[in-house]
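Peer 1: Just a sequence and a predicted model for now, questions to come.
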Amino acid sequence: MNSKPQDLAVEGGAMLEDTGKPAGAGKPEDTAPREDADHGPDFDDLPGGAKAALEAVLMVLDQPATEEELAAGVGLTVTAVRSLLAELQREYNGYTVKAPEMEDASHTGIGSSPRGFELRNIAGGWRIYSRTEFADIVGKYVLEGQTARLTQAALETLAVIAYRQPVSRARVSAIRGVNVDSVVRTLAQRGLIEDAGTDPESGAILYRTTSYFLERMGISSVEDLPQLSPHLPGLDGIAEFYDAGTM
């Protein structure tokens with residue numbers, strides 16, 4: 001005898017509701033961090049959608065970020081972020097479709113060449129890195145780049161560090177009003193600044209100028225740096241407002 005659809009029970013004893021869906025269907029299974037539906041980003045209006053948004057965040061990371069951190073920052077579920085990370089990783093490795101071998105994909109015209117960078121999962125955190133195969137080329141560029149002129153942003157950052165050393169990146173950012181992470185890395189790579197321990201209160205890394213900086217400036221000590229007060233009227237009493245040792 002044929003049974004009516006509404007009389008059938010699904011596996012595990014869960015009965016079908018009047019709508020024909022299993023009881024509880026439609027309830028969100030992923031409760032991971034994401035933006036409120038009314039206030040979250042509308043990825044449909046962005047070029048490349050959610051994947052491109054995640055990629056943009058990955059491009060500015062200076063240290064690996066967990067899937068949970070990325071989900072909270074972009075406004076997606078952890079499950080969605082994990083899936084997009086896998087897609088990006090495949091794309092960077094030369095896959096644009098599911099193929100057993102990258103060579104097969106390339107030869108048949110359904111793949112693309114690997115990028116010069118890759119997406120790695122290091123100790124539970126994700127970040128974009130240049131490929132190890134290009135280490136010699138990248139290293140040569142970085143070393144030769146030390147002879148290039150510093151940008152205006154780098155010069156301003158270097159001046160703040162020189163006059164307020166030892167100083168943290170956060171303090172330099174506060175003084176300049178912009179993020180200086182990449183500029184500080186550049187100055188460190190050029191050998192113009194170096195670590196000077198950590199702040200006893202915040203634990204932040206402090207920076208100071210190096211002997212190479214003094215050599216390039218043609219001075220023997222930071223005490224020989226030009227005084228700013230004569231060139232900036234009104235700064236004579238600035239020490240009353242800012243502590244030169246922590247600013």
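Peer 2: Structure received. Numbering: from 1, shown residues only.

Peer 1: Give me the below-cutoff pLDDT ranges for the protein.
Peer 2: Residue ranges of the chain with pLDDT under 70: 1-40, 96-112, 143-147, 229-247.

Peer 1: neighbours around Q165, how many?
Peer 2: Residues lying near Q165 (other Cβ atoms under 10 Å) number 16. For every residue, glycine as well, the C-beta is placed using N, CA and C.

Peer 1: State the distance from it to P47.
Peer 2: 42 Å (Cβ to Cβ, to the nearest Å).

Peer 1: and if you look at R82?
Peer 2: 23 Å.

Peer 1: Surely L61 and I128 touch.
Peer 2: Yes - assessed by Cβ atoms under 8 Å, L61 is found in contact with I128 at 7.3 Å.

Peer 1: In three-state terms, label the nearest residue to N93 once chain neighbours are set aside for me.
Peer 2: Take N93 and drop its neighbours on the chain: the residue closest to it by Cβ to Cβ, 6 or more residues apart in numbering is P114, 5.5 Å away. Secondary structure for P114, judged by DSSP: H, G, I helix; E, B strand; the rest coil, is coil.

Peer 1: In terms of helices and strands, where is the closest residue in space to V183 that isn't next to it in sequence?
Peer 2: Counting by Cβ to Cβ, 6+ apart, V183 lies nearest to T157, which is 4.6 Å off, once chain neighbours are set aside. In the assignment (DSSP states H and E), T157 maps to helix 152-164.

Peer 1: which helices and strands does that helix pack with?
Peer 2: Applying 3 or more Cβ pairs under 8 Å, 6 or more residues apart in numbering; DSSP states H and E, we find helix 152-164 packed against helix 169-176, helix 181-189, strand 205-209.
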